[in-house]
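A.B. asks: Sequence and computational prediction follow.
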Amino acid sequence: MTLRKMKTEFREDKPVLYFLQPDEPPLNERLGTTVTLRASGSIFCIACGRKTSKSFNHGYCFPCMRKLAQCDSCMIKPEQCHYHRGTCRDPRWGEASCMIPHLVYLANSSGIKIGITRAFQRLTRWMDQGAVQAIPLATVKNRLDAGLIEVVLKQHFPDKTNWRAMLKSSAESLDMEALRDDALGFLPMHPFTETSDEPAVTLHYPVLEYPQKVLSFNLEKQPHMEGTLLGIKGQYLIFDTGVINVRSHAGYEVEVS
């Protein structure tokens with residue numbers, strides 16, 4: 001199979017379901033069993049399908065990384081969105097992906113952080129980050145406005161997840177409603193489209209045991225890995241021998257047994 005970002009399914013009060021392939025049973029069923037990943041050495045671009053010697057930006061070949069709008073630097077720094085200047089790499093993609101409602105939120109994964117996402121994919125974003133709690137702050141009209149709000153809030157809240165800390169334990173529960181009140185207080189004059197009073201969402205993950213020390217596998221350097229699957233969180237598989245980020249290996253051809 002060729003790896004892709006794991007598909008997730010949110011379940012209230014139950015662990016998130018994870019799928020390596022959409023038509024296969026959930027990976028949750030393999031918890032506690034020995035799983036082997038063998039990389040063939042072949043990597044295929046997740047956009048155009050061409051074989052590539054190196055993967056860029058979580059699964060793209062170099063030409064696609066250079067030309068596709070979804071690989072532009074403004075995807076990492078949304079406050080630099082340049083659609084309104086007429087310089088988007090693909091205006092049709094920008095219309096469908098960036099010029100739509102975006103959500104500004106607080107999430108608790110390895111501690112509190114600020115983030116943004118397309119409004120319709122909030123749960124997917126939170127599951128991919130391994131958040132155990134998340135709460136909406138505001139919905140705005142487009143990605144640029146969300147990015148500008150995030151710039152302001154980054155002065156008061158981190159915007160990065162400590163992935164090692166996220167994988168070593170379940171984050172301590174926080175008063176998300178109080179934190180949201182604090183965050184909104186920093187933006188009294190910002191032109192929100194709509195602030196939120198929705199309750200916080202709690203997420204659970206299928207983890208039998210958290211590792212005391214996080215050893216990360218890289219299929220380019222270690223094409224064969226094997227271990228007992230102890231958990232799945234964010235886009236990571238947690239083994240007794242180490243962890244692997246499935247999303248960062250998108251496009252890698254592997255045999256899973």
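C.D. replies: Good, I have the coordinates.
A.B. asks: Next, the contact list for the nearest residue to residue 125 once chain neighbours are set aside, please.
C.D. replies: By the measure of CB to CB, 6 or more residues apart in numbering, the closest residue to residue 125 outside its immediate chain neighbours is residue 117, 4.0 Å from it. Glycine gets a C-beta too; all of them are placed from N, C-alpha and C. By CB atoms under 8 Å, 6 or more residues apart in numbering, the contact list for residue 117 reads 102, 103, 105, 125.
A.B. asks: Next, work out how far apart the first one and residue 47 are.
C.D. replies: Computed as CB to CB, to the nearest Å, the residue 102 to residue 47 distance reads 23 Å.
A.B. asks: low pLDDT regions in the chain?
C.D. replies: 188-192 (pLDDT under 70).
A.B. asks: Now do the SS call for the spatially most central residue of it.
C.D. replies: Nearest to the geometric centre of the chain sits residue 128, at 3.6 Å (CA atoms, centre = their mean). The three-state label given to residue 128 by DSSP: H, G, I helix; E, B strand; the rest coil is helix.
A.B. asks: So it versus residue 18, what's the distance?
C.D. replies: Distance from residue 128 to residue 18, by CB to CB: 11 Å.
A.B. asks: Overlap of the contact sets of those two?
C.D. replies: By CB under 8 Å, 6+ apart, the residues touching both residue 128 and residue 18 are residue 8.
A.B. asks: Enumerate the positions of stretch 217-236 that are buried.
C.D. replies: Using 16 or more other CB atoms under 10 Å as the test for burial, stretch 217-236 gives 217, 219, 225, 227-236.
A.B. asks: Of these, just say which sits nearest to residue 89.
C.D. replies: residue 235 (25.3 Å; CB to CB).
A.B. asks: For the closest residue to the closest one other than its chain neighbours, grab the count of nearby residues.
C.D. replies: Using CB to CB, 6+ apart and skipping the chain neighbours, the partner closest in space to residue 235 is residue 247 (4.0 Å). For residue 247, the neighbour count with other CB atoms under 10 Å is 15.
A.B. asks: ok now do residue 247, which residues does it touch?
C.D. replies: 5, 6, 58, 128, 235.
A.B. asks: Next, find the distance separating the second one from residue 114.
C.D. replies: When CB to CB is the yardstick, residue 6 and residue 114 sit 24 Å from each other.
A.B. asks: Leaving out the residues flanking it, which one is nearest to residue 41?
C.D. replies: Counting by CB to CB, 6+ apart, residue 223 is the residue found nearest to residue 41 once chain neighbours are left out, at 6.7 Å.
A.B. asks: can you tell me how far the one you found sits from residue 40?
C.D. replies: 8 Å.
A.B. asks: Residue 150 now?
C.D. replies: Taken as CB to CB, the span from residue 150 to residue 40 is 39 Å.
A.B. asks: Pick out whichever of those two has more residues nearby.
C.D. replies: residue 150 (21 against 12).
A.B. asks: so the more buried one touches residue 159, yeah?
C.D. replies: Yes. Using CB atoms under 8 Å, residue 150 is in contact with residue 159, at 6.6 Å.
A.B. asks: Determine how far the last residue of stretch 69-79 lies from the first.
C.D. replies: Stretch 69-79 has an end-to-end distance of 15 Å (CA to CA, to the nearest Å).
A.B. asks: so how far is it from its chain's centroid?
C.D. replies: 15 Å (CA atoms, centre = their mean, to the nearest Å).
A.B. asks: Can you mark which positions in that stretch are buried?
C.D. replies: 69, 70, 71, 72, 74, 75, 78, 79.
A.B. asks: In a strand, the second one, correct?
C.D. replies: No. According to three-state DSSP, the state of residue 70 is helix, so it is not within a strand.
A.B. asks: For it, which residues are in contact?
C.D. replies: 93, 97.
A.B. asks: Then the last one?
C.D. replies: With contacts taken as CB under 8 Å, 6+ apart, residue 79 has the following neighbours: 144, 147, 148, 150, 151.
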